[in-house]
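Asks: Sequence and computational prediction follow.
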Amino acid sequence: MKKYINNWWVLCSLLLLGVTACEEQENEVYQGAAYVSLVDTDFNTSEDAEGALRVQVRLTTTSAVNAPLEVTYKVEGDAGWESRIKDESNGKVTIASGEYTADIFLMPINNEEIDNDVNITVTLTGVSGAAVNLGLGKADSYVQAAVFLSNEDKPEYNSCIAVSEVLLENVVNLAYTDFYDSAKYSGTDPAGLIVEPSDVLACNKLRVTGDALALFAGAFDIEINEEKGTVNIPQQKYGSKDGEDYYIVAIEEGTIDITSGEISVNILWFSYAKGTDPSTIDLLAEYKASTYNYYDGNLKISLGAYSPCTALGEAFLNKAVTLDYEDEDPDYSGNNPGVVLEPNTKTCNRILVKGDAINYYDGEFELLIDEENNTVEVPLQLYSVQDNDTPNYYIQSSAGTYDPATQTIVIDFAWSGYADGANPDPLGDGYVGKLTITLAE
């Protein structure tokens with residue numbers, strides 16, 4: 001016998017006779033008087049989750065079911081899912097007589113390996129013990145749940161290029177000048193872009209996402225050779241649009257300025273029918289052998305305008321400060337008022353200090369700010385060059401703190417001069433002192 005229930009409150013009124021849960025289900029066709037289904041159908045969990053994932057099975061009925069119900073289910077998923085999650089309920093659960101729910105428990109397996117995320121499904125397959133229908137209202141409703149299991153053991157990017165410190169996680173600009181049709185395809189991506197590690201985490205590769213062709217946003221990897229000061233863009237898929245796959249490649253090696261992160265490279269791009277086998281594409285060979293007008297142009301990648309991403313930077317930048325230095329040797333102790341802190345053009349969490357910080361020579365150094373821990377650091381760097389036997393003065397901190405309440409920076413550091421070609425180690429053999437930076441009154 002079919003019961004056509006067109007309003008959820010009608011069903012809820014019936015459920016009050018002996019059911020504990022209901023939810024809005026309009027215009028469903030219900031067959032029979034009792035149904036077993038899943039409560040939810042979408043789940044997310046992670047490999048290092050604490051405890052098992054609970055997938056709840058529910059009995060919905062308009063009359064009492066005076067018998068235990070055995071509900072069977074199957075778990076399936078992407079290749080290798082069995083090593084990623086354990087079915088602790090072993091394919092079946094029992095809804096006890098007089099009860100209305102039972103729980104399927106899936107326990108993520110933390111294998112501490114770097115592997116892919118997986119998609120898993122839990123599908124109800126049968127119910128026995130009484131005349132009960134599978135599915136909420138119809139056979140395919142609320143009988144399958146999707147489980148997304150993420151792997152929290154992500155590989156770490158270990159850079160082997162200094163320029164990654166300049167570009168990574170920083171806003172950059174992409175400016176493209178097309179040689180074939182400069183009026184139509186040249187332009188600058190106004191969105192501001194983030195440079196990230198390559199998907200393959202190669203230490204000398206960076207990945208750029210954005211509109212590099214003044215056409216649509218895509219993504220590509222850049223290989224960097226700092227020793228030669230060159231960059232290369234291997235042939236690769238840039239993105240897809242309007243049923244076509246777009247490929248990009250460097251015509252020849254480009255250049256990179258390691259200090260500023262400025263990249264300039266001539267590129268070639270063209271589109272192919274979507275799904276074209278990449279092994280059949282050789283853009284450079286086609287470009288050189290054909291008189292057809294392929295699209296080529298110059299791509300420039302440069303840092304965007306500096307904007308501090310720390311409260312310390314906002315508080316101190318372009319403000320007059322006093323440098324008060326206390327050295328283990330009193331001859332080098334003293335203060336230097338009226339110094340102005342400047343942006344460091346490399347990264348938003350750094351500021352540049354120019355002045356006599358060691359009460360000996362004017363110089364400059366950058367502060368690296370860790371706002372979460374209220375600490376600052378002075379990485380090993382050249383502070384000043386003088387005309388003497390040890391012309392290269394290096395500086396490096398051992399510790400540094402920032403007090404937001406008093407807006408005071410305190411840095412323990414060491415410094416020393418070194419001859420050309422020497423390996424600087426100020427923490428090991430230099431003068432040790434404490435520098436306090438305060439806003440000038």
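Replies: Received it, and whenever you're ready, just let me know what you need.

Asks: CA atoms for contacts and neighbours, from now on please.
Replies: Fine.

Asks: quick one: the strands in the stretch 151-300 of the chain?
Replies: 171-178, 187-188, 193-197, 205-210, 218-225, 230-232, 236-241, 244-250, 254-256, 263-273, 295-303 (DSSP state E, counting those that start in this stretch).

Asks: hmm, who's touching the third one?
Replies: When you say that, I think you mean strand 193-197. Contact partners of strand 193-197, identified using C-alpha atoms under 8 Å, 6 or more residues apart in numbering, comprise 157, 167-174, 205-210.

Asks: Mind checking which of the residues you listed are buried?
Replies: Buried by 16 or more other C-alpha atoms under 10 Å: 167-168, 170-174, 205-210, out of the contacts of strand 193-197.

Asks: What are the boundaries of the helices in the stretch 101-250 of the chain?
Replies: Listed in chain order, the helices of the stretch 101-250 of the chain (DSSP state H, counting those that start in this stretch) span 163-167, 182-185.

Asks: that older thread, include distance to Ala399 and pLDDT when you put the buried ones among the contacts of strand 193-197 into a markdown table, please.
Replies: Formatted as a markdown table, the buried ones among the contacts of strand 193-197 follow (distance: C-alpha to C-alpha, whole Å; pLDDT from 0 to 100):
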| residue | distance to Ala399 | pLDDT |
| --- | --- | --- |
| Leu167 | 26 | 80 |
| Leu168 | 25 | 78 |
| Asn170 | 25 | 69 |
| Val171 | 29 | 67 |
| Val172 | 31 | 79 |
| Asn173 | 34 | 81 |
| Leu174 | 37 | 83 |
| Lys205 | 32 | 88 |
| Leu206 | 31 | 88 |
| Arg207 | 33 | 87 |
| Val208 | 34 | 87 |
| Thr209 | 36 | 85 |
| Gly210 | 38 | 83 |
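
Asks: How about the contacts made by the spatially closest residue to Glu326 that is not a sequence neighbour?
Replies: For Glu326, ignoring the flanking residues on the chain, the nearest one in space by C-alpha to C-alpha, 6 or more residues apart in numbering is Ser333 at 4.6 Å. With contact set as C-alpha under 8 Å, 6+ apart, Ser333 has these partners: Asp324, Tyr325, Glu326, Asp327, Ile358, Asn359.

Asks: mean confidence score for the helix or strand that contains Tyr35?
Replies: In the assignment (DSSP states H and E), Tyr35 maps to strand 34-38. Summarised as a single mean, pLDDT over strand 34-38 is 90.

Asks: pLDDT value on the nearest residue to Ile248 once chain neighbours are set aside, please?
Replies: Counting by C-alpha to C-alpha, 6+ apart, Ile248 lies nearest to Trp269, which is 4.4 Å off, once chain neighbours are set aside. Listed pLDDT for Trp269 reads 91.

Asks: returning to what we had before: and Ala311, which of the strands of the stretch 151-300 of the chain is closest to it?
Replies: Shortest distance between Ala311 and the strands of the stretch 151-300 of the chain, using C-alpha to C-alpha, is found for strand 171-178: 18.2 Å.

Asks: give me the low-pLDDT residue ranges for the stretch 51-200 of the chain?
Replies: Where the stretch 51-200 of the chain drops to pLDDT under 70, the residues are 112-115, 137-139, 152-156, 169-171, 190-193, 199-200.

Asks: Quick check: the residue nearest to the spatial centre of the chain vs Ser271, distance?
Replies: Nearest to the mean C-alpha position of the chain, by C-alpha atoms, centre = their mean, lies Glu196 at 7.9 Å. Taking C-alpha to C-alpha, to the nearest Å as the measure, Glu196 falls 25 Å from Ser271.

Asks: do Ser97 as well
Replies: For Ser97, the distance to Ser271 - C-alpha to C-alpha - is 64 Å.
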